[in-house]
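>>> sequence below, structure please.
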Amino acid sequence: MQPCEVCGNRYEGAFTVTMADGQAHVFDSFECAIERLAPRCAACNCRVIGHGVQHESTIYCSAHCAREAGISGLADHN
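Coordinates of the predicted model:
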């Protein structure tokens, strides 16, 4: 049983998330997976666990946050 890469807990219900590039991560909870893998909004610093919006390589949690950062023309996903 591999330990969670965030908290180190060894749990029989641990799971592996394999990224598109083949890199694998082991977690004991979705909370730890989100902490490690979810990007942060460039404006408000919250974790982006939904669709979010992106301008070039910068990720925002919403079009509102993008506008707050001076980016126009982005819309939230429906």
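
>>> residues in a beta bridge with F27, which ones?
Beta-bridge partners of F27, counted by DSSP bridges, are F15.

>>> that one is in contact with F15, isn't it?
Yes - the pair F27 / F15 is scored as a contact, 6.2 Å apart, by Cβ atoms under 8 Å. Glycine gets a C-beta too; all of them are placed from N, C-alpha and C.

>>> of these two, which one has the most company?
F27 (24 against 13; other Cβ atoms under 10 Å).

>>> would you mind measuring from the more buried one to Q2?
To Q2, F27 is 10 Å away according to Cβ to Cβ, to the nearest Å.

>>> shared neighbours of these two, anything?
A14 (Cβ atoms under 8 Å, 6 or more residues apart in numbering).

>>> contacting residues for A33?
Contacts of A33 by Cβ under 8 Å, 6+ apart are V6, V17, H25, F27.

>>> is I34 in a helix, a strand, or coil?
Under the three-state scheme (DSSP: H, G, I helix; E, B strand; the rest coil), I34 adopts helix.

>>> roughly how far apart are it and I59?
For I34, the distance to I59 - Cβ to Cβ - is 14 Å.

>>> for N9, same thing?
Counting by Cβ to Cβ, the gap from N9 to I59 is 28 Å.

>>> who's more crowded, those two?
Taking neighbours as other Cβ under 10 Å, N9 and I59 compare with I59 leading, 18 against 13.

>>> got a ChimeraX select line for the buried ones in the contacts of A33?
Here is the ChimeraX command that selects the buried residues among the contacts of A33 (16 or more other Cβ atoms under 10 Å):
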select :6,25,27
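
>>> now do the contacts for the closest residue to A42 other than its chain neighbours.
Nearest non-adjacent residue to A42, counting by Cβ to Cβ, 6 or more residues apart in numbering: T58, 4.9 Å away. Neighbouring residues of T58 by Cβ under 8 Å, 6+ apart: A42, A69, I71.

>>> cool, and Q23?
By Cβ under 8 Å, 6+ apart, Q23 has no neighbours at all.
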